[in-house]
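Peer 1: Build the 3D model from these lines:
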Amino acid sequence: MSRLNLYGADLSNADLKHSYLSKSLLINADLSFANMREAVLKNANLNGANLTGTDLGKANLKGANLSSANLYFASLNHADLSDADLSGANLENTILTDANLTGVKGLQYKNDNTAYTEKLEPKDAASFLKIGNKKKHRKHYWGAIADYNMAIKIEPKAGEAYYNRGIAYYKLNNYLNAINDFTMVLDIILQERNINLKSAEIYTYRGIAKRRNKDYIGAILDFNRAIEINSMALFAYLNRGKAKSNIKDYNGAIDDYTTAIAIDINNWKAYFHRGKAKSNIKEFNSAIDDFTRVITIDINNWKAYFHRGNSNYEIKDYNGAIADYTKTIEIDLITAEAFYNKREAFYKRGRARHILEQYYDGLKDIDQAARMGHEEAGIIMNYK
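Peer 2: Down below sits the predicted model:
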């Protein structure tokens, strides 16, 4: 990759090790906790970028524009920052060990304590575990994994290291490695005959990782085990409901979400997912009640407005659907999921307006959906 326009892109937690991004436009990009070790960012524009906890060890940032960037707890060990612009950058707790700072502009910290260069050299598993946990807490997952690896190398049955490394792998969407680590922890617990509430949490995490890896039956079995150990395991019920929905057992999913609501009456996710499950079995009026409950708890929950709009559309309440799709569009969030749902909201609002003979406004909505890449809208507007 080089000379890319990634203005405002969300690349948090991305693995960009060795990536070539010279002269790329990364203004206001979210690169927090990304692995950018040895990346080439020569003369790149990172003005206002979020680099919280990012690993930029040995990266080439020569001549890069890092003005107003957030480098809180970023690691730039051995990085080349020569001639870079750090004017207005947040360097609190930034690690600059052996970095090349020749000709750097706007470097304010000098000898105060806003940035640090000390080297930590732990010798025992407990110390590596402690440092890894601090990195994991700051969402610096790659660095945490390296520390957990060292803890496990010193102490092969370090259950806490496997557990926390599993969490870090899960956060990086590396579900197979997460499953393997959670399995190691559970094996250690079983060998020690120490089944407790912590075991239920580990079964739940492994089940979530299995579900993410599309092993829905395996996930359900893990959630079952978690619930056997702890009948109040809220997240086990929530995620078992999701896994049941994945295999189209919507009634079973509704039962699990209902139990989750009994445990926590204000858990919006339980109402939201129960509403989706009800929609899948065409119980649209009841689904609308659940989505409305979500909005009562969180008035800016665009997902609830979008799905309530879909249910209103299905029961032919087109004015209600238009109002919900409008709210979905108005809530300003810059994420991929929000973009796709806004695009769908424009399309469906256009369809609803067309049904109500609001042809001009309906066509405008479908045109907007087409411009955002909606395939059916593009066919209607002859863009494809």
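
Peer 1: Can you show me the helices along the stretch 251-384 of the chain?
Peer 2: 268-280, 284-297, 302-314, 318-330, 336-355, 359-371, 375-380 (DSSP state H, counting those that start in this stretch).

Peer 1: Run through the bridge partners of Leu25.
Peer 2: Asn5, Asn45 (DSSP bridges).

Peer 1: returning to what we had before: out of the helices of the stretch 251-384 of the chain, which gets nearest to Tyr203?
Peer 2: helix 268-280 (19.5 Å; Cβ to Cβ). Where you see a C-beta, it was placed from the backbone N, CA and C, and this is true even at glycine.

Peer 1: Have a look at this protein and report the helix or strand with the lowest mean pLDDT.
Peer 2: strand 115-116 (a mean of 46; mean pLDDT, DSSP states H and E).

Peer 1: what's the following helix or strand after that one?
Peer 2: helix 125-137 (DSSP states H and E).

Peer 1: Run through the neighbouring helices and strands of that next one.
Peer 2: helix 141-154, helix 159-171 (3 or more Cβ pairs under 8 Å, 6 or more residues apart in numbering; DSSP states H and E).

Peer 1: neighbouring contacts of that helix?
Peer 2: Contacts to helix 125-137, defined as Cβ atoms under 8 Å, 6 or more residues apart in numbering, come from residues 53, 120, 122, 141, 143-148, 150-152, 154-155, 158, 160-161, 164-165, 167-168.

Peer 1: let's see 10 Å
Peer 2: 33, 53, 55, 73, 75, 120-122, 124, 140-158, 160-161, 164-165, 167-168, 171 (Cβ atoms under 10 Å, 6 or more residues apart in numbering).

Peer 1: Just the buried ones from the residues you listed?
Peer 2: 33, 53, 55, 73, 75, 122, 140-148, 150-152, 154-155, 158, 160-161, 164-165, 167-168 (16 or more other Cβ atoms under 10 Å).

Peer 1: okay if I get the helices of the stretch 251-384 of the chain as a markdown table plus mean neighbour count?
Peer 2: Formatted as a markdown table, those follow (neighbours: other Cβ atoms under 10 Å):
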| stretch | mean neighbour count |
| --- | --- |
| helix 268-280 | 23 |
| helix 284-297 | 20 |
| helix 302-314 | 23 |
| helix 318-330 | 21 |
| helix 336-355 | 20 |
| helix 359-371 | 18 |
| helix 375-380 | 16 |
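
Peer 1: mind putting the ones you listed in CSV, distance to Leu66 included?
Peer 2: Shown next, in CSV, are these (distance: least, Cβ to Cβ, whole Å):
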stretch, distance to Leu66
helix 268-280, 38
helix 284-297, 40
helix 302-314, 33
helix 318-330, 34
helix 336-355, 26
helix 359-371, 34
helix 375-380, 40
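
Peer 1: Ala64 is nearest to which of those helices?
Peer 2: The nearest among the helices of the stretch 251-384 of the chain, by Cβ to Cβ, is helix 336-355 at 26.2 Å.

Peer 1: okay, the angle between the closest one and helix 302-314?
Peer 2: 30 degrees (axes from the mean of the first three to the mean of the last three Cα atoms, to 10 degrees).

Peer 1: per-residue confidence at the closest residue to Asn319 other than its chain neighbours?
Peer 2: Distances taken as Cβ to Cβ, 6 or more residues apart in numbering place Leu356 nearest to Asn319, at 7.3 Å, with adjacent residues excluded. Leu356 carries a pLDDT value of 95.

Peer 1: what does the one 3 residues further on give?
Peer 2: pLDDT, the model's per-residue confidence, is 93 for Tyr359.

Peer 1: again, but for Asn43
Peer 2: So, for Asn43, pLDDT stands at 92.

Peer 1: Also Ser127?
Peer 2: Confidence score, pLDDT, at Ser127: 87.

Peer 1: What of the one 3 residues further on?
Peer 2: Per-residue confidence (pLDDT) for Lys130: 89.

Peer 1: Likewise for Leu26?
Peer 2: At Leu26, pLDDT is 87.
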